[in-house]
Structure formats: C-alpha cells, structure tokens
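J.: Mind looking at a prediction? Sequence and model below.
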Amino acid sequence: MSRRELIKNGIEEISEYVPGKSIDEIALSYGLNPDAIIKLGSNENPLGPSPEAVDALERHRAHSQLSVYPSADAGELVKALSEYTEFPESNLVASGPGMDGLMDNLMRLVISKGDEVIIPTPTFSYYEIAARANGASPVFVKRGNDFNVGAESILEAESSRTKMIFICSPNNPSGNLIDERELRSIAESAKGLVFVDEAYAEFAYRNMSDLVTEYDNLVVGRTFSKAFGLAGMRIGYGIMPQWLKSEYMRVSTPFNLSRPAITSGIAALSDTRHLKQSVELARNGRKYLKDNIPFKVYDSQSNFVLVDVAPQKAQEICERLLEEGIIVRDCTSFRDAGDSLIRVTVGTHIQNKRVVEAFKNLYLG
Ligand SMILES: Cc1ncc(COP(=O)(O)O)c(C=O)c1O
C-alpha cells in the first residue's frame, strides 16, 4: 500500500485554501519597502485590534497562566457574548480557530459520507473545503444577477441527502445581503441546517440573528476577525437553537479557544468605541471607493467592495497593483466568479485614496 492510500477518498478533490497575499511575500517578490505596501486583500481591520483587547492581554497577564488549560467551552466569553448579542448563553457557542472552527464542528456533527451541502457561488471558499473534508459532496447553485440568492433555486437543489445550506450574508466577495424573505422561505422548507455566515454583520444595516429564535434549523456564524480587528486571535462564535447547542457540545473540540483569545475577546466586546470607529470607517470608505473607482463597483454592506474590471482581466490588474505595493484580492480562484472581479478591502482614507488613484491609472475607458 502506498502512503497516499492512507488518505481518505475525496481529499484529492480539494484545492488548498488560497489566502490573501502577505506584505512580506510581496516585498520580497517585487523588491518593495514593506512599509510602503498596503494590504487590502484579506478584509482585515485597517484600525488594527481593539486597544482594550490589547490592554487586557497585558493587564490580565493572560500569559502567566499558559501552563493551565483554559475553560473547555470558553464559558467566560460565552457569558460576555450573551450580553453583547442579547441571546441567552444556551443559544451561544464560542469557537476556534475562528468561525472556520464552528463550521467544521457543525459538519462533524451532521455530515455522514455521501451527504450533500448546498453552496451558492461565488462565495467564501472554505465551505467547499470543509464539506469535502467531512465527506460531503458540495452542490453548487450559481447566484443570480447582482449575486442574489433565490429560495427557489436553493430548495430545488435540495435532496434527501442535503444536510447543510451555506448562506453568506453579506456575501464574500460580492458584499450583498440575502433578502430576508428569501432566507425565511429557505429556512421554512429546508430539511438541512441553514448556516448564515455573518462574518461581516457589524458593517451591514441589518443582520439575521433574530431568525434563530423562529427557525429551529437556522444557525448564525460570527467572527472577531473583522470588525473587532482580532483576525490573529482566531475567535468565532455561533448563535444557534438550544437543541443544537447541546448536540454541538458533544463533538466540539475541547479548549478550542486559548486563554489569550478568551481574554482579548471579552475586552473587545466591551470596546464599543473601537467597534463604532471600525464600522464607520468601513461604511464611509466603501462609499468613497464605489463613487471614485472608475470601474463597475457593486454596492456593499461589508468592509470590502467588489470591482469588475471587464473587459480587462483581474489577474493582470492585480499584478499591476502589486507592482505599486497594493495588495487586493483577485477573485479568479473563486468558483463561478469569472476572471474580471477584484475584491478590495476598505482601508484608511489615505489607503483608499491610493487605491482609487491606482485604479484610475489602469482604466482604459
Ligand atoms: C465569509 C467569511 N466567513 C468566515 C471567515 C473566516 O472567519 P474566521 O477568521 O473567524 O475563521 C471569513 C474570513 O475571511 C469570511 O470571509
């Protein structure tokens, strides 16, 4: 038996997750000064982490207890999340690494080999990876005009083997929200769990968490990686019906959040100033980018905008931007995204101005 045969069937179908490019990587490849590079390819927070989270790490000396396991369910953080979300603790789980960990645990819970999950495309690529890794076959449903998700097309794609339906809202990379009526229709009729990924909820005018109390098959996923500026801490959480939390806790990896993650997460939740500034920066910045980038820019409810550079190719434009030290995300690797879409994270105003100037220089119209 070759060593390769040890790997379970289906893994060969998975393409490794493609992360946004890093500053060091680009500085090295293009001979640029790292300080002159702006990283707008991973939807991180341009204001950095919540200062209260950073202070808390130092003040509480989270590091001094590193030899002792944290609480298995990050209960202190769940308590703080209960205040923040106004959901009882019985509806909340804290997850690591990030929201990706939440999705993985949910799939470990519901997927048996040969089951299906529905993924409206183009969207966040980890759904497909996690689904395949857990033995499910992804069923892709292409989003409609302006990347909308229609209940009819999702429900048509459901089979007796469908266990999960992934709805990203605001969607990465398009930035639009799912229409509430469509989501309700999906939740009402779906046999599988409806997972609403709200990684970017804080930047939107509306979120869908209320629906968790109405539909016993609906789960909302959230993260500290975006509005709270804690991508490096890898903290996520889920809002789910009580019956599901009890099942979830049976399979959840114990101690999946570290002590520093719990400490910084609690502090970030109380840092309303940083949160407000982050949200305002994203909202003003996305409007500025939409109004000033000369290509087609989609409306966004998130901290990024999607730019269509057709008839030019995203890959070529991204390459030209990289030469100028601007890292954005070429969406060509996103399934069903075509080859002319670029996702740009909203930066500080100075960064946004640089991005606009660079796009203007590349516009051939
Ligand atoms: C839509 C979406 N969901 C989930 C994640 C991952 O979140 P986390 O950093 O909490 O794992 C991302 C990260 O970019 C994302 O864009």
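T.: Now that the structure is in, tell me what you want to look at.
J.: May I have the beta-bridge partners of the closest residue to the ligand within the stretch 51-200 of the chain?
T.: In the stretch 51-200 of the chain, the residue that lies nearest the ligand is residue 98 (2.3 Å; CB to the nearest ligand atom). For the C-beta atoms, the positions are set from N, CA and C on the backbone; glycine is no exception. Following DSSP bridges, residue 98 is listed with bridge partners residue 235.
J.: Quick check: it vs residue 231, distance?
T.: 8 Å (CB to CB, to the nearest Å).
J.: quick one: contacts of the helix or strand bottoming out on mean pLDDT in the chain?
T.: In the chain, the helix or strand scored least confidently by mean pLDDT, DSSP states H and E is helix 23-30, which has a mean of 91. The list of residues contacting helix 23-30 from outside it, by CB atoms under 8 Å, 6 or more residues apart in numbering, reads 32-34, 37, 39, 322-323, 325, 327.
J.: hmm, 7 Å instead?
T.: 32-34, 37, 39, 322-323, 327 (CB atoms under 7 Å, 6 or more residues apart in numbering).
J.: buried sites along it?
T.: 23, 26-27 (16 or more other CB atoms under 10 Å).
J.: Tell me which helix or strand comes right after that helix.
T.: Next in sequence after helix 23-30, counting helices and strands by DSSP states H and E, comes strand 38-39.
J.: where in the chain is pLDDT low?
T.: Where the chain drops to pLDDT under 70, the residues are 61-62, 365.
J.: if you count residues, which helix in it comes out on top?
T.: Longest among the helix segments of the chain by residue count, using DSSP state H, is helix 272-292.
J.: Stretch 100-111: how far from the chain's middle?
T.: Centroid displacement of stretch 100-111 relative to its chain, using CA atoms, centre = their mean, to the nearest Å, is 15 Å.
J.: and residue 42, what is it in contact with?
T.: Residue 42 neighbours (CB under 7 Å, 6+ apart): 19-20, 345.
J.: Buried ones among those residues?
T.: 20, 345.
J.: For burial, what's the neighbour tally of the closest residue to residue 51 other than its chain neighbours?
T.: In space, and not counting its chain neighbours, residue 51 is closest to residue 274: 6.3 Å by CB to CB, 6 or more residues apart in numbering. By the measure other CB atoms under 10 Å, the count of residues near residue 274 is 22.
J.: wait, residue 274 sits on residue 50?
T.: Yes: using CB atoms under 7 Å as the test, residue 274 is close enough to residue 50 to be in contact (4.2 Å).
J.: what's the overlap in contacts for those two?
T.: Shared contacts of residue 274 and residue 50 (CB under 7 Å, 6+ apart): none.
J.: so what's residue 258 up against?
T.: residue 70.
J.: 10 Å instead, please
T.: 62, 66, 69-70, 74, 96-97, 233-235, 264 (CB atoms under 10 Å, 6 or more residues apart in numbering).
J.: what about residue 98 and residue 231, which has more around it?
T.: When residue 98 and residue 231 are compared for neighbours, residue 98 comes out ahead with 24 against 17, by other CB under 10 Å.
J.: Distance check, that one against residue 8.
T.: For residue 98, the distance to residue 8 - CB to CB - is 24 Å.
J.: just to revisit the earlier point, just give me the closest of the contacts of residue 258 to residue 178.
T.: residue 235 (24.2 Å; CB to CB).
J.: can you pull the contacts of that closest one?
T.: The neighbours of residue 235, taking CB under 10 Å, 6+ apart as the test, are 53, 74, 77, 94-99, 101, 222-225, 228, 256-258, 260-262, 264-265, 268.
J.: Neighbour count says what about these? Which are buried?
T.: Neighbour counting with 16+ other CB under 10 Å marks 53, 74, 77, 94-99, 101, 222-225, 228, 256-258, 260-262, 264-265, 268 as buried within the contacts of residue 235.
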